[in-house]
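>>> Here is the input, now give the coordinates:
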Amino acid sequence: MIRVEAGMSTSRFCEKFDMPERTWRRWQARAREDRQPKGPWPQPARSAVREHVVAHATAHPAWGHRKIWALVRHDGVRTSEATVLRTLRDEGLLLPAHYQRERKQLAQRRKAAFATEPTGPNQVWQLDFSEFETTAGGTWRIAACRDYWS
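Residues are numbered from 1 along each chain as shown. Presented below is the predicted three-dimensional model:
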């Protein structure tokens with residue numbers, strides 16, 4: 001359409017865009033026949049492992065494609081990491097790219113709560129208070145404390 005409106009010949013148009021004229025002719029022939037330029041290709045590798053990959057990915061939604069690939073290989077199914085990644089992408093089971101960034105930001109906020117960052121065990125303690133009523137009408141207060149280290 002652009003070529004015709006500009007009044008260009010086919011050879012000049014192809015030369016301008018550094019495209020072989022044979023490619024242009026092939027594209028035009030496909031367009032006239034209403035064929036797709038490229039078809040959906042068969043995916044035998046993905047279909048062979050799809051059920052294993054989906055089973056592991058739904059059981060462990062926070063895991064990435066490499067760990068799922070290792071589990072699928074442990075099940076005895078030979079496949080590549082890329083096939084597992086593409087299968088997860090096809091099924092919509094991949095985590096967003098910023099997922100790990102969000103986890104790191106949450107960890108930074110947790111560490112920022114400490115005046116001095118803990119460097120070993122027994123430096124951060126958590127206290128829990130519980131109240132229990134007795135049958136005689138009294139109450140017991142119990143304080144439980146445990147060591148918490150990030």
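
>>> Where do the helices of this structure begin and end?
Assigned by DSSP state H, the helices in the chain fall at 2-6, 10-16, 21-32, 44-59, 65-74, 81-91, 99-112.

>>> The fifth one packs against which elements?
In terms of contact count using 3 or more CB pairs under 8 Å, 6 or more residues apart in numbering; DSSP states H and E, helix 65-74 is assigned the packing partners helix 44-59, helix 81-91. The way it works is simple: take the backbone N, C-alpha and C, and place the C-beta from them, glycine included.

>>> per-residue confidence averaged over it?
The predicted model assigns helix 65-74 a mean pLDDT of 95.

>>> same thing with the fourth one?
Mean pLDDT, taken over the full extent of helix 44-59, equals 94.

>>> ok, and what's touching it?
Where contact means CB atoms under 8 Å, 6 or more residues apart in numbering, the residues beyond helix 44-59 that reach it are 63, 68, 71-72, 75, 77, 79-80, 83-84, 86-88, 90-91, 93.

>>> picking up where we left off before, now the helices of the chain in JSON lines, with mean neighbour count?
Conversion of the helices of the chain to JSON lines gives the following (neighbours: other CB atoms under 10 Å):
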{"stretch": "helix 2-6", "mean neighbour count": "10"}
{"stretch": "helix 10-16", "mean neighbour count": "13"}
{"stretch": "helix 21-32", "mean neighbour count": "11"}
{"stretch": "helix 44-59", "mean neighbour count": "16"}
{"stretch": "helix 65-74", "mean neighbour count": "18"}
{"stretch": "helix 81-91", "mean neighbour count": "18"}
{"stretch": "helix 99-112", "mean neighbour count": "10"}
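
>>> Kindly reformat those as JSON lines containing distance to Ala136.
Output for those, formatted as JSON lines (distance: least, CB to CB, whole Å):
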{"stretch": "helix 2-6", "distance to Ala136": "93"}
{"stretch": "helix 10-16", "distance to Ala136": "97"}
{"stretch": "helix 21-32", "distance to Ala136": "90"}
{"stretch": "helix 44-59", "distance to Ala136": "50"}
{"stretch": "helix 65-74", "distance to Ala136": "55"}
{"stretch": "helix 81-91", "distance to Ala136": "60"}
{"stretch": "helix 99-112", "distance to Ala136": "42"}
